[in-house]
Structure formats: structure tokens, C-alpha cells
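> requesting a structural model of the entry that follows:
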Amino acid sequence: MSVKRRSFAALVAVAVTVPLGVSAVPAEAHSQKRVVGYYTQWSGYDRNFLVSDLVKNGTAAKLTQLNYAFGFLDASGNCVSSDPWADYQRPFTAEQSVSGKADEAGQPLAGNLNQLKQLKQKFPKLRISISLGGWTGSKYFSDAALTPASRAAHVKSCLDMWLKGNLPGAPAGAAKGIFDGVDLDWEWPASEGNPGNVIRPEDKQNFTALVHEYRKQLDRASWPFRGRYNLTAFLPAAPEQIDNGFQVKQLFRDLTFGTTQGYDYHGSWDPITNQQSAIDAPKGDPSSEEFSSQVTIDAYLSRGAPRNQLVMGVPFYSRGWTGVTNQNNGLFQPATGPAPATYEAGYEDYRLLKAKAGDFTVHRDNKAGFAWLFDGTTFWTWDDPVEMKRKAQYISKRHLGGAMIWSLDGDTGNGELISALHRNLH
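Okay, here's the model as predicted:
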């Protein structure tokens, strides 16, 4: 497999809370394209991108769904917090909070979850899902999905923790009502992911059964209302991984929608430079296997996915190489390794790379639909507002279900990427 997968995820559930006896509007009863964004648990550390920044830069008003990434599974298949401090213990000052009020000592809930609770109060139409797994959190999915008993116990554990809000060390129900659903980001059933992940050939069928168990328990939890919890999944780009681990037609009978990986087609794990999120395959690509959004979307459609339930992923970050041969404007050239970057070599948030973009020349392949930066030595993929507009127009032209963003902390202080995406989705 030549496509590496990082912790980028899919999507999920919507709960509707109404007085007993009142019929709820279905959660998916909206006419606009979905705009789904991942807010990462760790955004508030080095990046200092807080939930309140989603309000300040205009993002929250443009989202239909927010996925909070990630919850993990333990060796028993139970749902656990991978960072309790970030999730529900960290206090926020008045200046940091969505509400403008400081957290108080001893309050039942703090951390990102309390900030998400405040965000929902400010934007009541916004649906928020807990995303489970990711690149580093998928180790035990195969065990959890193995048998009817293990599946039932796993789903019960996750709904108890994240939907009913029963967090360890917190008052019962402290986080109830924050999450409207569950997003499954198993990377990947029956295919290699992060080293050490448990993998079985039967993961493919077991994932279908796991999704069905989620659907069954979520529907039971939403009774007697018509509005159902959303259940979503993050789906890989590579056709080989699709066929190894996903019964596409069966899955979409239970999923509200699925988000496709629209990035990491190439990166610094490859010895030569390339695109990471092209709409179509570029001319002259030396790769032995073609990766593009067109290939991915066509793969799901041909395997039975309804197009209005396919949400195409877009990156708010870049992949980069350095030591690049100065030919062909740096494209398809040998490199010595990943480009130096702020948080992870070869990976840079758009907002940070934009500040350095003046040192580079922008190149675009308007036919294949991608762009890159090159300065004679360093090469960065480049998804700017021009490319976001292009991707939104592609999604609209193909009548897909919307766009998914990894990840929201990569945008600028005025939200220029999500603005370009949002205004061109029709």
C-alpha cells in the first residue's frame, strides 16, 4: 500500500431532544450541502486553537456538523478518553471560553466538552459527534467488533460515556446532551494502519455488523422520536483498502453519511514530490497506482454508495518535501526528506504556511485540480481558497453530500478556507 493514513477521521450522530410526546424533525432534514469539520482534542495545546476560535473566525456559523476527535477504545473494547484533561477537566478563562464566562472550581464539567456545550447553545442547529479511533486510536477496533457480544458491549460503553455523558470522576450525566451522534474512524478494517493494530481478515464483515449494532442501539436511544442520531464513518481513499475492509452498499444502509478521505494521496513518506489532494490524476504522474478524489468517489459510487451520502474530504493543511531537484517546478522530483515544519516534519497548517508563502512561487494544474508551492528546494502542496472553491464546485457538480474538513485548526483567523468552501457549495 502506497497511501499512508494519519489520524483523519469520518463522521456521526445526531440526537434530538424534545419534550415527551412532541415529534422531532429528523436530524438530516436540511437542504444545504453538509459542511463537516473536525475539531481535534489537541488543538488547544501548541496550536492554542480553542473551541471559541470557531466562533471568532466565523467557522461555527458555516458548519452543519462538527466531529470531536478522538475518543479511544481500551483493550476490552470499552470507550475511554484519550486525554481527560483536554476533554473535560481543563479550566478556561473568560477570554478563552465561548460564553465569555470563566470556569469555576468544582463545576460538574470543564474542558473541551463544556466548550462544545456552550457552542451548541450559541449555534443550536450545529450537530456534534464524538469521533472514535483515528490513526493512533484504532488498535482494538477489531477485538471490539469480533462477536455479537463484544459489539453490543462496546456500543453500550460508548453510548454510556459520550451520549449519556457518564465520564469517569465526574457527576453522573455531566456531559449528557453534548454529542448528537458517533463517528467511526477505524483505520483500517483488515488493512494495515498504525503499527501494532489488531487486524483480522473477517474485519470487513465485522465492521458492517458493528455499524449495524450502533444503528440499532442509537435508534433505541432516540425512541420515541422521529429524529434519529447520526451515524457516520470515515472511509479510506485507496480502492484496495475499500475492498479489503468495507461492504459499501451494506454500510450505507445504516450510515447517515460517510466521509471519504480526500487528502494524503501522497506525502513525504514517498521519495518523490506529488499532489496530496488532486481532484483528478495529473499528467506525468509516475506513481504505479493512481490516487485522486475522482478515483475515490467513483470507487464508492460503483460499489453502491448513494452519492448524496458521500461527503468528500478536503485538507486545511499541506504536505511537504525538501532537498527537491529543481526541475518541472519541483513536481514529481526526488527529495531528500520531509520539509521542516512547525509541529510535524512534512506537515504544515495552512495558516502557518500562508505566512511564508511569499517566499515561494504558486503553481497550479487547472486540469487535474491541485496546486503547489516551490522555492527551488522545498515543495509544499497548497490547498488555498482557489483550490477550496474548485473542490466545492466539484462536489456540487457531482451532486455529492457535502464537504468534510481535516482539520479546523488549520484555517486563518478570518476563516478564509471555510468561507471559500461554504460559498461555493450548492
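
> output the host helix or strand of residue 387 as CSV, nothing but the C-alphas.
Per DSSP states H and E: residue 387 is located in helix 385-397. This file holds the C-alpha atoms of helix 385-397, laid out as CSV (Å, rounded to 0.1, in the frame of the first residue of the first chain):
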residue,chain,number,x,y,z
PRO,A,385,-9.1,29.4,-1.2
VAL,A,386,-8.8,29.0,-5.0
GLU,A,387,-8.5,25.2,-4.6
MET,A,388,-11.3,25.1,-2.0
LYS,A,389,-13.5,26.8,-4.5
ARG,A,390,-12.5,24.2,-7.1
LYS,A,391,-13.3,21.3,-4.7
ALA,A,392,-16.6,22.8,-3.7
GLN,A,393,-17.6,23.2,-7.3
TYR,A,394,-16.6,19.6,-8.0
ILE,A,395,-18.7,18.4,-5.0
SER,A,396,-21.7,20.4,-6.3
LYS,A,397,-21.3,19.3,-9.9
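
> show me what counts as buried in it.
Buried residues in helix 385-397, counting neighbours by 16 or more other Cβ atoms under 10 Å, are found at 385, 387, 388, 389, 390, 391, 392, 394, 395. Heads up, the C-betas are built off the backbone N, CA and C, glycines and all.

> show me what contacts the second one?
The one in question is residue 387. Applying Cβ atoms under 8 Å, 6 or more residues apart in numbering to residue 387 gives the contacts 277, 369, 370, 371.

> one more time with 10 Å, if that's ok
Taking Cβ atoms under 10 Å, 6 or more residues apart in numbering as the definition of contact, the neighbours of residue 387 are 277-279, 314-315, 364, 369-371, 381, 417, 420-421.

> which ones among those lie within strands?
The members of the contacts of residue 387 that map onto strands under DSSP state E are 314, 315, 364, 370, 371, 381.

> which parts of the stretch 301-426 of the chain are helices?
In order along the chain, the stretch 301-426 of the chain carries the following helices (DSSP state H, counting those that start in this stretch): 350-356, 385-397, 416-423.

> which among those is found nearest to residue 128?
Across the helices of the stretch 301-426 of the chain, residue 128 has its closest neighbour in helix 416-423 (16.5 Å, Cβ to Cβ).

> now do the buried residues in that closest one.
Neighbour-count burial for helix 416-423 flags 416, 417, 418, 419, 420, 421, 422 (criterion: 16+ other Cβ under 10 Å).

> pLDDT averaged over it - what is it?
Across helix 416-423, the average pLDDT comes to 98.

> partner residues bridging residue 371?
In this structure, residue 371 has beta-bridge partners residue 364, where bridges are defined by DSSP bridges.

> pretty sure it sits against residue 275.
Yes. With contacts counted by Cβ atoms under 10 Å, residue 371 reaches residue 275, the gap being 8.7 Å.

> neighbour count for the two, which is higher?
Set side by side, residue 371 and residue 275 give different neighbour counts by other Cβ atoms under 10 Å, the larger being at residue 275 (27 against 21).

> and what about the more buried one, helix, strand or coil?
Of the three states, residue 275 takes coil under DSSP: H, G, I helix; E, B strand; the rest coil.

> quick check: it touching residue 284?
No. At 11.3 Å, residue 275 and residue 284 do not qualify as touching, with contact defined as Cβ under 10 Å.

> overlap in contacts, the two.
For the pair residue 275 and residue 284, residues contacting each of them under the criterion Cβ under 10 Å, 6+ apart are 331, 332, 365, 368.

> neighbour-wise, give me the winner out of those.
Using other Cβ under 10 Å as the neighbour test, the shared contacts of residue 275 and residue 284 are led by residue 331, with 20 neighbours.

> look up how far residue 322 lies from the residue lying closest to that one once chain neighbours are set aside.
In space, not counting the residues next to it along the chain, residue 331 is nearest to residue 273; the distance is 6.0 Å by Cβ to Cβ, 6 or more residues apart in numbering. When Cβ to Cβ, to the nearest Å is the yardstick, residue 273 and residue 322 sit 10 Å from each other.
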